[in-house]
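**Q** sharing a model that was predicted from the sequence below.
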Amino acid sequence: MRIRLLGSILVALALLAISPAMQAQTSAKPGPGAATAIPDLSGNWEPHRPVPVTGETALCGIRRVCDELRGVTTPMGEKFEEPEMQPWAEEKYKAVREGKARDPNFTGCTPQSPTDLMLDNRRLYELRQFPDVVLLLFDEDHLVRRIYMDGRGHPDGYASTWMGHSIGKYEGDTLVVDTVGFNDKNWIDRQGHPHSEDLHLVERFRRLNQNSLEYEVTINDPKAYKKPWTRKMVQDLLPPGFQLLEGDMCDELLEMGTHYSAKSNK
């Protein structure tokens, strides 16, 4: 009996000795929430502006002109070197710079490309996150981007579209988006850089702080450019309760008589 009692005491002491070590190992393991934490990127966003738009500054009219009058340069994104282009793309870009070609978004009411929307210093958008999809809802022409987050890949034989086919994943604090499946009917940006149907985008959305979002895109289009190139834009969070106003560029162009269909009827 004494031997049994002594054995039980020794076992209890051994368990007490190893218990703290086991607890330490258990507490060191991250919980399920930590492993699947998703950065909060939701909100209404606009391009960063050194001069806020107020009743006073709005009197200047166009915000870019207003900023220049006040001696402040409005950022179109970070300054970057011109990408090395293939000959046909360089000819198209040269025509734009010389005023011989105009933005198809204005002349033909074609939708802006995803990069043109994101790098446009006039464009506002709403970002909404859901478990299976991230939505980008833009203030102009009812444009919507759907970024699928359910682990699917790009489908074979996907039709060429204005927005392309986007799939995404989270890497730490960053939303990484991969997009293919474009047509070649719009521009990469307002500067007039063209692209082919082989355009492949990798975009990164990362919150710099509570009120700032960094957007970075790597453009890979071997048919149009000799190597991939990158652009960035910082965007500011709009106030709580802000609502995007609906815009319709095509109707406005038709009313002004500058839409291509209006001209063809004259």
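**A** Received, thanks.
**Q** residue 116: how many residues sit nearby?
**A** Applying other C-beta atoms under 10 Å, we find 20 residues neighbouring residue 116. Backbone N, C-alpha and C define where each C-beta goes, glycine included.
**Q** how close does residue 100 sit to residue 109?
**A** Distance, residue 100 to residue 109, using C-beta to C-beta, to the nearest Å: 20 Å.
**Q** what are the ranges of the helices in the stretch 51-200 of the chain?
**A** Secondary structure of the stretch 51-200 of the chain by DSSP state H, counting those that start in this stretch: the helices cover 55-58, 63-69, 87-97, 104-107, 114-119.
**Q** mean pLDDT lowest where, among those helices?
**A** Lowest mean pLDDT within the helices of the stretch 51-200 of the chain: helix 63-69, at a mean of 50.
**Q** circling back to that earlier point, the more surrounded of residue 100 and residue 109?
**A** Ranked by neighbour count (other C-beta under 10 Å), residue 100 and residue 109 place residue 109 first, with 18 against 9.
**Q** please tell me how far the more buried one sits from residue 225.
**A** Taking C-beta to C-beta, one finds residue 109 at 27 Å from residue 225.
**Q** quick one: residue 136 and residue 127 touch, right?
**A** Yes: the criterion here is C-beta atoms under 8 Å, and residue 136 meets it with residue 127 at 5.9 Å.
**Q** list the buried ones in whichever strand or helix holds residue 231?
**A** Here residue 231, judged by DSSP states H and E, is contained in strand 229-237. By neighbour count on 16 or more other C-beta atoms under 10 Å, the buried set for strand 229-237 is 229, 231, 233, 235, 237.
**Q** which parts of the chain are strands?
**A** 43-47, 125-129, 133-138, 144-148, 165-171, 174-180, 200-209, 212-220, 229-237 (DSSP state E).
**Q** make CSV out of these and add distance to residue 90 and mean pLDDT.
**A** Below are these laid out as CSV (distance: least, C-beta to C-beta, whole Å; pLDDT from 0 to 100):
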stretch, distance to residue 90, mean pLDDT
strand 43-47, 28, 94
strand 125-129, 31, 96
strand 133-138, 30, 96
strand 144-148, 29, 97
strand 165-171, 28, 98
strand 174-180, 24, 98
strand 200-209, 20, 97
strand 212-220, 15, 97
strand 229-237, 14, 95
